[in-house]
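In: sequence-free structure coming up:
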């Protein structure tokens, strides 16, 4: 059905457009303000074959996944992800990455970037990242936005705010959908 819709089959487009994932308002009602913590994955299943997954992974000094290591020492690499699923297939993914030095109680941001990926008929375009300045002295914060769009005319902008602490197990992120 996805392949037919991508080729312009109007019946397939009409059938797919009924899935909740294409209704930005429904998605926003379920996703906006949801928090996901380091090492956690949350799936929001709409019960009609479509779903959103929120995921936050960290790597640091060999805990969880291999360390991000540079000549300066161990840094934390945090990745907050928003994934769109249709009929069990991941159709798009937006990722917000940042690397920071936990540095005791005063973490220092080193790098930040965002990426997008999608299957044919979908696009995820990263719109860039910025530093959150109101996080206080004991954390670093970054924000990023990306747009998911489809050949069928659906479009959603996801915004992720992600936070990193001296203890990466305290890290968390939250998301919003704009339409």
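Out: Received, thanks. All values derive from a computational prediction rather than experimental measurement.
In: can you pull out the helices in this protein?
Out: 2-6, 10-16, 24-31 (DSSP state H).
In: Let's have those helices in CSV, adding mean neighbour count.
Out: For glycine as for every other residue, the C-beta is placed from the backbone atoms N, C-alpha and C. As requested, the helices of the chain are arranged in CSV below (neighbours: other CB atoms under 10 Å):
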stretch, mean neighbour count
helix 2-6, 16
helix 10-16, 15
helix 24-31, 16
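In: Could you export these as CSV, including distance to residue 106 and mean pLDDT?
Out: Shown next, in CSV, are those (distance: least, CB to CB, whole Å; pLDDT from 0 to 100):
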stretch, distance to residue 106, mean pLDDT
helix 2-6, 48, 74
helix 10-16, 49, 83
helix 24-31, 32, 92
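In: Tabulate those helices (CSV), appending distance to residue 163.
Out: Output for the helices of the chain, formatted as CSV (distance: least, CB to CB, whole Å):
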stretch, distance to residue 163
helix 2-6, 35
helix 10-16, 36
helix 24-31, 18
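In: Which among those is found nearest to residue 123?
Out: Proximity of the helices of the chain to residue 123 was assessed by CB to CB; the nearest stretch is helix 2-6, lying at 11.7 Å.
In: which secondary structure elements does that closest one contact?
Out: helix 10-16 (3 or more CB pairs under 8 Å, 6 or more residues apart in numbering; DSSP states H and E).
In: so what does the helix it packs on touch, helix or strand wise?
Out: Counting by 3+ CB pairs under 8 Å, 6+ apart, helix 10-16 packs on helix 2-6.
In: Tell me how many other residues surround the nearest residue to residue 19 once chain neighbours are set aside.
Out: Excluding the flanking residues, the one nearest residue 19 by CB to CB, 6 or more residues apart in numbering is residue 50, at 4.2 Å. Per other CB atoms under 10 Å, the neighbour tally for residue 50 reads 23.
In: who's in contact with residue 50?
Out: By CB atoms under 8 Å, 6 or more residues apart in numbering, the contact list for residue 50 reads 19-22, 84-87.
In: quick one: it from residue 85, how far?
Out: Using CB to CB, to the nearest Å, we find residue 50 at a distance of 6 Å from residue 85.
In: joint contacts of these two?
Out: residue 21.
In: And the buried ones among the contacts of residue 50, selectable in PyMOL?
Out: Here is the PyMOL selection string for the buried members of those, based on 16 or more other CB atoms under 10 Å:
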select buried, resi 19+20+21+22+84+85+86
